[in-house]
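**Q** what follows is a predicted structure for the sequence shown.
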Amino acid sequence: MKNIFSSPAGKSYLIPFILVSSLFLMWGLAHGLLDVLNKHFQVAFTMSKAQSGLVQFSTYIAYALMSVPAGLFMKRYGYQKGIIFGLLLYAVGAFSFIPAAFLHSANPFLVALFVVACGLCILETAANPYSTVLGPKESAAQRLNLSQSLNGLGWVLGPFIGGQLILGASADDTMALTKPYILIGICILIITVFFFFIKLPNIVETNDDTPEAGTLPLTKTKSMWSHKHFVLAVIAQFAYMGAQSGVFGFFINYVTELDSTITPVKASQFLAFGGMLLFMIGRLSGSFFMGRFKPNKLLTLYALVCAISMALVILELGKVSLYALYISFFFMSIMFPTIYALGLANMGEHTKKAASYLTMAVAGGAFTPMIMGLLGEQNMALGFTIPLVCFLFVLFYGLKGYKM
């Protein structure tokens, strides 16, 4: 795999790639904790399922507000300064959980989550495209899936740590909410020091992409929005993130309703070492498969399996539905990085700006949890009709929408 980290001049980008990939772990951890917070807020602050969707809303809406400013910041100051700024903002949000705990209300925690998400948005706007250009363009999707494997590890650790420290505490113990975020804040500050003192290569996107057969080369006068494959990628990313946010956020609710003998703490362990572990394995295997199969074909197959899985979840067929829910985690794994890489293909000088809009599409995760919670207030299974619709659009993008 050494050649996928080489520059055109033969210089190795492996060390910068490893350093940037560590960021994927940290934002995976932050996102993984959300699914525990969603369930905890329902009990601790007597929220309905729809209201607990504000946990995801306060996080993912930051992507809609910060992505374009983040892209502009990166365009002016470069990836490295953008990463440092994002890390510092992430740390501020994490440590904001401490004063929030003394106010005994959901709102201060939601504000802290919003600040964390602003930092995450900047990091993702920088790290996702930076990972794609640290080597040959033909292996961009493979490289991004490899980085996202660490993101998958963060998703595993998040529910496990949150389940033990948060769900394992009493509902009125608001200080329990601070424990995982204090640990995260300390780790983030350590990583920030590395980025201060290590020089990352300055990657400049050029306009020299060789177009595929039947496509047009990018010119300076061609608008970013005239690229249909990019526009549809933004919509597909919005749909995918809506599906992912909803499935992850209400996993604990669905499992505890499907089997009343399963406690929320036990369900969080199932989420960590069942669903999220499969998600991470999917990311790792996805990087392997990307070197052997076309990304759009994998995306099509994986989206089809996810759509079938959601149909089985809605039908509430006992263990069959539970296993189908688990399976969807594996097949969701490659969707975000694959849509991202396909959407950025042949974007040339527009890469940084286009990346900011693809990151903005993460805001799709802000809305579906509240809609799912509303539909599933009495029966959580009904809420999973929303992810089903979302996966069908991703299926369309893998079949036709990716074409340039």
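**A** Now that the structure is in, tell me what you want to look at.
**Q** G135 and F5, how far apart?
**A** Per CB to CB, to the nearest Å, G135 is found 5 Å from F5. In this view, the C-beta of every residue, glycine as well, is placed from N, C-alpha and C.
**Q** so the two - more neighbours on which side?
**A** Neighbour totals were compared for G135 and F5, and G135 leads with 23 against 20 (other CB atoms under 10 Å).
**Q** may I see the buried residues of the longest helix seen in the chain?
**A** The single longest helix within the chain, with elements called by DSSP state H, is helix 14-44. For helix 14-44, burial by neighbour count (16 or more other CB atoms under 10 Å) applies to 16-17, 19-21, 23-42, 44.
**Q** ok, H104 - how many residues close by?
**A** 11.
**Q** what's the answer for R292, then?
**A** Using other CB under 10 Å: R292 sits among 8 other residues.
**Q** for it, which three-state class applies?
**A** Under the three-state scheme (DSSP: H, G, I helix; E, B strand; the rest coil), R292 adopts coil.
**Q** quick check: L157 vs L87, distance?
**A** Separation of L157 from L87 (CB to CB): 18 Å.
**Q** more crowded one of those two?
**A** L87 (25 against 19).
**Q** how about that one, phi and psi?
**A** Dihedral pair for L87: phi -60, psi -40, per degrees, to the nearest 10.
**Q** surely it is in contact with L123?
**A** Yes: counting by CB atoms under 8 Å, L87 touches L123, with 6.8 Å between them.
**Q** touching both of these two, which residues are there?
**A** Listed as contacting both L87 and L123 by CB atoms under 8 Å, 6 or more residues apart in numbering are L23.
**Q** any figure for the gap between G162 and V234?
**A** 30 Å.
**Q** comparing these two, which residue is more hemmed in?
**A** A count of neighbours by other CB under 10 Å puts G162 above the other of G162 and V234, at 28 against 19.
**Q** what helix or strand is that one on?
**A** Element membership for G162, per DSSP states H and E: helix 140-162.
**Q** so which elements touch the helix or strand that that helix is followed by?
**A** In the C-terminal direction, the helix or strand that comes right after helix 140-162 (DSSP H and E) is helix 178-197. Contacting helix 178-197 under the criterion 3 or more CB pairs under 8 Å, 6 or more residues apart in numbering; DSSP states H and E are the following elements: helix 14-44, helix 79-95, helix 97-101, helix 140-162.
**Q** my read: G78 touches N202, true?
**A** Yes: assessed by CB under 8 Å, G78 is found in contact with N202 at 6.3 Å.
**Q** contact partners of the helix or strand S287 falls within?
**A** Using DSSP H and E, S287 sits in helix 277-290. Contact partners of helix 277-290, identified using CB under 8 Å, 6+ apart, comprise 139, 141-143, 145-146, 148-149, 151-153, 155-156, 298, 326-327, 329-334, 337-338.
**Q** at 6 Å instead, please
**A** Defining contact as CB atoms under 6 Å, 6 or more residues apart in numbering, one finds that helix 277-290 is touched by 141-142, 145-146, 148-149, 152-153, 155-156, 298, 329-330, 333-334.
**Q** between those, which is closest to M347?
**A** A141 (13.9 Å; CB to CB).
**Q** quick check: closest non-adjacent residue to that closest one.
**A** A341 (3.8 Å; CB to CB, 6 or more residues apart in numbering).
**Q** buried set for stretch 62-82?
**A** 62-64, 66-67, 70-71, 73-74, 78-80, 82.
**Q** what does stretch 130-142 give?
**A** Buried-residue list, stretch 130-142, by 16+ other CB under 10 Å: 130-135, 137, 139-142.
**Q** tabulate these (a markdown table), appending distance to A303 and pLDDT.
**A** Below are the buried residues of stretch 130-142 laid out as a markdown table (distance: CB to CB, whole Å; pLDDT from 0 to 100):
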| residue | distance to A303 | pLDDT |
| --- | --- | --- |
| Y130 | 26 | 81 |
| S131 | 22 | 82 |
| T132 | 21 | 76 |
| V133 | 26 | 78 |
| L134 | 27 | 81 |
| G135 | 27 | 79 |
| K137 | 24 | 77 |
| S139 | 22 | 79 |
| A140 | 20 | 77 |
| A141 | 15 | 71 |
| Q142 | 19 | 76 |
